[in-house]
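Peer 1: How does the following fold in three dimensions:
(2 chains)
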Amino acid sequence: MDVINLTIDNKPVVVKKGTTILEAAKGIGVHVPTLCYMKLDDLNIENKPGGCRICVVEVQGRRNLAPACCTEVNEGMVVNTHSIRAINARRTVMELILSDHPTDCLICAKSGNCDLQSMAHNLGIRQIHYQGEQSHYRKDTSPSIIRDVDKCIMCRRCEMMCNEVQTVGVLSAINRGFNSVVSPAFEMNLDHSVCTYCGQCVAVCPTGALTEVDETGKVVRLLSDPTKTVIVQTAPAVRAALGEEFDLEAGTLVTGKMVAALRRLGFDYVFDTDFAADLTIMEEGTELLNRLGRYLEGDKEVKLPILTSCCPAWVKFFEHQFPDMLDIPSTARSPQQMFGAIAKTYFAEKLGIKREDLVVVSIMPCVAKKYECQRDEFKVNKNPDVDYAITTRELAALIKISNINFNSLPSEDFDHPLGESTGAGVIFGTTGGVIEAAVRTAYELLTKKELPRLNFDELRGMEGIRKATIDFDGLPINIGIAHGLGNARKLLEEIQAGKSEFHAIEIMSCPGGCIGGGGQPYHHGNAEIIKKRQRAIYEEDGKKAIRKSHENPYILKLYEEFLGHPLSEKSHHLLHTEYFDRT
Amino acid sequence: MPKIKLSDNTINIIKEVCAEFGNKESELINVLHKVQGKLGYLPAEVQEVIARELKSSVARVYGVVTFYSFFTMIPKGEFPISICMGTACYVRGAEQVLSEFKRQLKVEVGESTSDGKFSLNCLRCVGACGLAPVVTVGEKVYGRVAPTQVKDIIAEYRNSISDVARSA
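Peer 2: Predicted structure coming up:
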């Protein structure tokens, strides 16, 4: 093996050939500051355009300073990461960036979470010596994402996510020199583009240039309206990440505290999207078994594989990019929308109130959910099934605004009937979870036998595309899993070419699934955080008394009292949807 | 920007060029160059066809079009007039020649006359500094142009039809 010997800050280092100075330094605990650079280990996501020049270091014998993120090590190299020259250059670079950046940090949505702000602080910038032109662009508002490009520093992380990882291709650098900026084609608004609102651009933006639409104000007003009954649902991935906003270790489960906080915020009922996830499994699992049964009987018309449809960004993606395949995904609505539909019918009837007087708020790890709940097919007489979807970050902000000391809250339980869920509902929050939940139910419904095991390790993990064959009592079922839309595209192209070997495929837009969603606390480029959230999700599943959706007593009751059976006429009306060609 | 509807003929021209370069995304600049050569400019609708053919995103195509000053999204006139603003031409009075063109044609730099006959642009050095100041109309080069000659140059083309227009 080719190895390279060098010294960094007087320490000898031995690394593999091809290693960058940045990685070599990291290996011996030397932290070189970076800004545009971002690497998510295990997810194969890396951004190193070498554009910002914050990571410059001094290399002995080299005339210019070297950008550590994209300079490979050489034999005998002598690197100094904090020479006076390197420090001065970094500070100059930072001052130049700041000279074309608004200084409204105090009221910026990203304040306290801004990589640019903390870098300026770490470099000890106290004065900006350069005064010049400032760029001004039109603010672009969509149902989910706000682009305030005055704050863009051209790190191009969003462009990398949108093109390489998601293959959506909405964002690109345009123009040149001082005028260059990241934008959709023809500077059109995001809501006119093929943007899926996955929010991965928001998740990686180091500044306030890309943020979610903030709806906390509307929620506060509704909570204080005595004429409204306001109920809340919480997505599975929220409980595995919310604690990070209150300085708890990543992967700390805060389910009970979250429920307690929501009750103190004034929600009349605190329910769980996990309940609706169990309901999704009943509908989607039955749909899978139906298609599978017809296929096994020799029906050539039946569409297989069936694709999951919980993720709104994924739905918008295939509506734009694969309009010829609209009949392949399951028609099941997402858990968020199933919850809304059941809440404004079944639960409103139970309370004896009109749907207009019931407000449904959802807490989501996602910015695309804001767009999803505004889709026309999820409204009745213009009244949406889900009124507002706010992100995990927005919930944290609400808790802070309301003087609630989150960490000292007791652990409380969800309300009934829409708060009871199984372990199967919980694992919807991670890549692989929806299909594992579906397997647990479909297996037992099909074979009428009890599953010999509940953990399907072959479906778990962080690989972008995973495959497994599950033995359904002699019938091998081929399962595919993709997270990240670029990976989804690969599986879709296989189906298009008639080469797909799968019976069922789970697709999640965000790397890691919902735990890595665009509405989660910022991971600042640390993939370890996403992995810890995944472990927390499986931990919660393992602790649940009931771990199969079809054994949820409140789900059984819902069918008995209201829906009849899965895929009934009422289910079709309330729990299923259709897709539209958006080309 | 108003939407324009491309004729089937135009779409075929674009597709042919893309095919000529193997429909490869890596050939984007060559494709843009050649399509602009044939159509005169690269409006949004043309970029959309190119993106589709090369399996690229419209945003990326637009990124390249806006990066290189050679590419234009504004239709050029039948007779594109360019005034050299290179150092030699500039010191020998190119600016006065330019303002005379602007006055006569009633357009600003980068615009076309309302009848689509002329468009006015500046460029940097055509490599004929000995002839400064230089003006080009289409492929034809005029040297040592004085503001008083501007009227005659325009008159030369006012009633003629370009080769491109004739073949279309």
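
Peer 1: which parts of chain A sit against chain B?
Peer 2: Proximity of chain A to chain B, by Cβ under 8 Å from any Cβ of the partner chain, involves residues A:163, A:168-176, A:180, A:183-186, A:193. (Each C-beta comes from the backbone N, C-alpha and C, glycine too.)

Peer 1: Make a PyMOL selection of the buried ones in those residues.
Peer 2: Applying 16 or more other Cβ atoms under 10 Å in any protein chain shown to these, the buried members can be selected in PyMOL as follows:
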select buried, chain A and resi 163+168+169+170+171+172+173+174+180+183+184+185+186+193
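
Peer 1: Can you pick out the most distant pair from the residues of chain A next to chain B?
Peer 2: Largest separation among the residues of chain A next to chain B by Cβ to Cβ: A:Val168 and A:Arg176, giving 23.7 Å.

Peer 1: Which pLDDT value goes with the closest residue to chain A within chain B?
Peer 2: In chain B, no residue comes nearer to chain A than B:Ser57, which is 2.6 Å away by Cβ to the nearest Cβ. Looking at B:Ser57, its pLDDT is 95.

Peer 1: what about the closest residue to A:Arg535 other than its chain neighbours, neighbour count?
Peer 2: Distance criterion Cβ to Cβ, 6 or more residues apart in numbering or on different chains; nearest residue to A:Arg535, sequence neighbours excluded, is A:Gly251 at 5.6 Å. Applying other Cβ atoms under 10 Å in any protein chain shown, we find 21 residues neighbouring A:Gly251.

Peer 1: where in chain B is pLDDT low?
Peer 2: Along chain B, the parts satisfying pLDDT under 70 run over B:1-2, B:162-168.

Peer 1: Near chain A, which residues of it? Just list them.
Peer 2: Within chain B, the positions adjacent to chain A are B:1, B:44, B:47, B:56-63, B:66-67 by Cβ under 8 Å from any Cβ.

Peer 1: now the end-to-end length of stretch A:478-498.
Peer 2: 15 Å (Cα to Cα, to the nearest Å).

Peer 1: how far is it from where the chain is centred?
Peer 2: Relative to its parent chain, stretch A:478-498 has a centroid offset of 19 Å by Cα atoms, centre = their mean, to the nearest Å.

Peer 1: same deal with stretch A:411-429?
Peer 2: How far stretch A:411-429 lies from its chain's middle: 20 Å, per Cα atoms, centre = their mean.

Peer 1: Sort out which residues of it are buried, please.
Peer 2: Neighbour counts using 16+ other Cβ under 10 Å place A:412, A:414-415, A:417-429 of stretch A:411-429 among the buried residues.

Peer 1: Tabulate the CA atom coordinates of that stretch in PDB.
Peer 2: Presented in PDB, the C-alpha positions along stretch A:411-429 are these (Å, rounded to 0.1, in the frame of the first residue of the first chain):
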ATOM      1  CA  SER A 411     -42.500  12.100  30.800                       C
ATOM      2  CA  GLU A 412     -46.100  12.000  29.800                       C
ATOM      3  CA  ASP A 413     -48.200   9.800  27.500                       C
ATOM      4  CA  PHE A 414     -50.100  10.500  24.300                       C
ATOM      5  CA  ASP A 415     -53.900  10.900  24.500                       C
ATOM      6  CA  HIS A 416     -56.400   8.400  23.200                       C
ATOM      7  CA  PRO A 417     -57.600   7.300  20.700                       C
ATOM      8  CA  LEU A 418     -55.200   8.700  18.100                       C
ATOM      9  CA  GLY A 419     -52.100   8.500  20.200                       C
ATOM     10  CA  GLU A 420     -51.700   4.700  20.500                       C
ATOM     11  CA  SER A 421     -49.100   3.200  18.300                       C
ATOM     12  CA  THR A 422     -46.900   0.200  17.800                       C
ATOM     13  CA  GLY A 423     -43.200  -0.300  17.300                       C
ATOM     14  CA  ALA A 424     -44.000  -0.600  13.600                       C
ATOM     15  CA  GLY A 425     -45.300   2.900  13.500                       C
ATOM     16  CA  VAL A 426     -42.200   4.200  15.200                       C
ATOM     17  CA  ILE A 427     -39.700   2.900  12.700                       C
ATOM     18  CA  PHE A 428     -41.300   4.800   9.900                       C
ATOM     19  CA  GLY A 429     -38.900   7.500  11.000                       C
END
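
Peer 1: SS state for the residue in the stretch 51-200 of chain A positioned nearest to chain B?
Peer 2: Proximity to chain B, evaluated over the stretch 51-200 of chain A using Cβ to the nearest Cβ, is greatest for A:Gly169 at 2.6 Å. Assigned state for A:Gly169: coil (three-state reduction, DSSP: H, G, I helix; E, B strand; the rest coil).

Peer 1: same thing with A:Met154?
Peer 2: Secondary structure state of A:Met154, per three-state DSSP, is coil.

Peer 1: Isn't it up against A:Asn47?
Peer 2: No. Checked against Cβ atoms under 8 Å, the pair A:Met154 and A:Asn47 is beyond contact range at 11.9 Å.

Peer 1: Of those two, which one has the most company?
Peer 2: Applying other Cβ under 10 Å to A:Met154 and A:Asn47 shows that A:Asn47 carries more neighbours, namely 22 against 18.

Peer 1: And that one, what's its pLDDT?
Peer 2: We note a pLDDT of 95 for A:Asn47 in this prediction.

Peer 1: what's the domain layout of chain A?
Peer 2: Taking automatic domain parsing as the criterion, chain A consists of the domains A:3-99, A:140-212, A:227-583.

Peer 1: What is the distance between the first one and the centre of its chain?
Peer 2: Offset of domain A:3-99 from its chain centre (Cα atoms, centre = their mean): 30 Å.

Peer 1: Give me the buried subset of the residues of chain B next to chain A.
Peer 2: B:44, B:47, B:56-63, B:66-67.

Peer 1: Thanks again, I'm all set now.
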